[in-house]
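coords please:
(one chain, ligands or ions: 1)
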Amino acid sequence: MRRDEGTLHSAIGTLSTNRMVKRRPSPVDSKAGPLTDGPTARALLAWYDRHRRTLPWRAKPGDIPDPYRVWLSEIMLQQTTVTAVKPYFEKFLTLFPDVFALAAAPTEAVMSAWAGLGYYSRARNLHACAKAIVEVHGGIFPETPDALRALPGIGEYTSAAIASIAFNRVATVVDGNVERVISRLYAIEEPLPGSKPQIKALTTALVPEDRPGDFAQAMMDLGATLCSPKSPSCILCPFSGSCAAQKRGDAEIFPRKTPKKEGQLRRGAAFVLLREDGAILVRTRPDKGLLGGMTEVPGTEWSASFKAKDVTTLAPIEAEWTKLRGHVRHVFTHFPLELTIYAARCSKRKSAPQGARFVSLDALDQEALPSVMKKAITFALENFPQ
Ligand code: SF4
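Alright, predicted model coming up:
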């Protein structure tokens, strides 16, 4: 069911990003009528009204959610924790207070603000999506899951989350927290990912028509607080007594999971060249592919068959390269990486080879440096003899 203030709601949200306009009735005062899906949704929402988390992107009770904040947070929260996202969310709101500001920003500024949050294709899609919302939709977020899904970087989950949370549309929002809660509520024996359709269907059956957005957030909050992966606090849970896994006494084993194969270890080398005036040689990775468009120190390919022999022939310039003891390790989603670090110094008269540039160490925080490169540079600075 759609609330009838939709278009105005959207416009207000888009045009005054930081303001929460009090229009939606608070849950306590709601005249929206009884919940339609029985005691389970009702119990969860009653719990949510008392224990909801305060989050920087979440509208206060009775306030209309801001679609820009909802969208930004949902993109940032993909594969990332609430704690990690909070400072980035605040930074983005300061630098790009609304979708118009984000759409008009240079790509490098967006990538730089995102640096450290990982999964960099999300930042590129975020920027492309902001442009599409401004250019195609006049700066107003579309409200239906289908229209949202047509935008860059918005898939099935995110479109449902935005439609539900920002526009109170009935949609089924299933993230990792919801998967855990539903798997436990119904003691689903089939392991993930095979159980996803069943989890989605069971979640859909629970969504109440009058507060779908609050229901989605309540499920997320329950999964993030009481129904934690280890040691769930069943005694405090609004589903206590109606949860199959709780009755069995083995909630921790759900959701069942198919064992994951760890990706094969890849190796490579990175070259940290320090100029005597306190600058470091960096370059920009190609736009497409892993860490696309991000800043890196020059290095080799990363592969399972990488051999460290004669690696300095691949260095960006001729210099007295020192192979540092130890390695830098980093785990990407689909493979672990082990980097051997070579370090060298050069005179301040040295100019950068083609495709690279020297950047002052003091200005590195303005570069879109991914975590693995921060680790490589820190490792070199700590281990390269003066
Ligand atoms: S009763 Fe326990 S296992 Fe079941 S949903 Fe609540 S916290 Fe999770």
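
got the contact list for whatever residue of the stretch 251-386 of the chain ends up closest to the ligand?
Nearest residue of the stretch 251-386 of the chain to the ligand (Cβ to the nearest ligand atom) works out as residue 251 at 3.6 Å. Bear in mind the C-beta positions are built from the backbone N, C-alpha and C, glycine included. Going by Cβ atoms under 8 Å, 6 or more residues apart in numbering, residue 251 touches 184, 227, 232, 234, 243, 245.

try 6 Å this time
Under the criterion of Cβ atoms under 6 Å, 6 or more residues apart in numbering, the neighbours of residue 251 are 184, 232, 245.

any idea which helix or strand carries the residue of the stretch 51-200 of the chain found nearest the ligand?
Residue nearest to the ligand within the stretch 51-200 of the chain (Cβ to the nearest ligand atom): residue 184, separated by 3.9 Å. Per DSSP states H and E, residue 184 falls inside helix 176-185.

CA atoms only for that helix, dumped as PDB, please.
This file holds the C-alpha atoms of helix 176-185, laid out as PDB (Å, rounded to 0.1, in the frame of the first residue of the first chain):
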ATOM      1  CA  GLY A 176      22.100 -11.000   6.100                       C
ATOM      2  CA  ASN A 177      20.400 -10.100   9.300                       C
ATOM      3  CA  VAL A 178      17.000 -10.900   8.000                       C
ATOM      4  CA  GLU A 179      18.300 -14.200   6.600                       C
ATOM      5  CA  ARG A 180      19.500 -15.200  10.000                       C
ATOM      6  CA  VAL A 181      16.300 -14.200  11.800                       C
ATOM      7  CA  ILE A 182      14.000 -16.000   9.400                       C
ATOM      8  CA  SER A 183      16.200 -19.100   9.200                       C
ATOM      9  CA  ARG A 184      16.000 -19.300  13.000                       C
ATOM     10  CA  LEU A 185      12.300 -18.500  13.200                       C
END
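
Now that helix: average pLDDT?
Mean pLDDT, computed over helix 176-185, is 96.

Please compute how far it lies from its chain's middle.
What separates the centre of helix 176-185 from the centre of its chain is 20 Å, taken as Cα atoms, centre = their mean, to the nearest Å.

State the next helix or strand along the chain beyond it.
helix 196-206.

Name the next helix or strand following that next one along the chain.
helix 212-224.

Mind giving me the packing neighbours of the next helix or strand after that following helix?
Note on helix 212-224: by DSSP H and E, the next helix or strand toward the C-terminus is helix 244-248. Packed against helix 244-248, as judged by 3 or more Cβ pairs under 6 Å, 6 or more residues apart in numbering; DSSP states H and E, are no other helices or strands.

tell me the domain boundaries of the chain?
6-171+207-225, 266-383 (automatic domain parsing).

Can you tell me which of the ones you listed is most buried?
Burial of the domains of the chain is given as mean neighbour count (mean count of other Cβ atoms under 10 Å); domain 6-171+207-225 ranks first at a mean of 18.

coming back round to it: quick one: contacts for the closest residue to the residue of the stretch 51-200 of the chain closest to the ligand other than its chain neighbours?
What sits nearest to residue 184 in space, not counting adjacent residues and going by Cβ to Cβ, 6 or more residues apart in numbering, is residue 245, at 3.8 Å. By Cβ under 6 Å, 6+ apart, the contact list for residue 245 reads 184, 187, 251, 254.

any idea where the strands of this protein begin and end?
Assigned by DSSP state E, the chain shows strands spanning 266-275, 279-284, 295-296, 322-323, 328-331, 336-346, 356-360.

Show me what the fifth one is packed against.
Contacts defined by 3+ Cβ pairs under 6 Å, 6+ apart place strand 328-331 against strand 336-346, helix 371-383.

between the ones you listed, which one is nearest to residue 135?
Across the helices and strands packed on strand 328-331, residue 135 has its closest neighbour in helix 371-383 (32.4 Å, Cβ to Cβ).

Alpha carbons of that closest one, as PDB, please.
What follows is helix 371-383, C-alpha atoms only, in PDB (Å, rounded to 0.1, in the frame of the first residue of the first chain):
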ATOM      1  CA  SER A 371      43.300  -0.200   2.200                       C
ATOM      2  CA  VAL A 372      45.800  -2.600   0.600                       C
ATOM      3  CA  MET A 373      47.800   0.300  -0.700                       C
ATOM      4  CA  LYS A 374      47.700   2.100   2.700                       C
ATOM      5  CA  LYS A 375      49.100  -1.100   4.200                       C
ATOM      6  CA  ALA A 376      51.800  -1.300   1.600                       C
ATOM      7  CA  ILE A 377      52.900   2.300   2.100                       C
ATOM      8  CA  THR A 378      52.800   2.100   5.900                       C
ATOM      9  CA  PHE A 379      54.800  -1.200   5.700                       C
ATOM     10  CA  ALA A 380      57.500   0.500   3.600                       C
ATOM     11  CA  LEU A 381      57.700   3.600   5.700                       C
ATOM     12  CA  GLU A 382      58.100   1.500   8.900                       C
ATOM     13  CA  ASN A 383      60.600  -1.000   7.500                       C
END
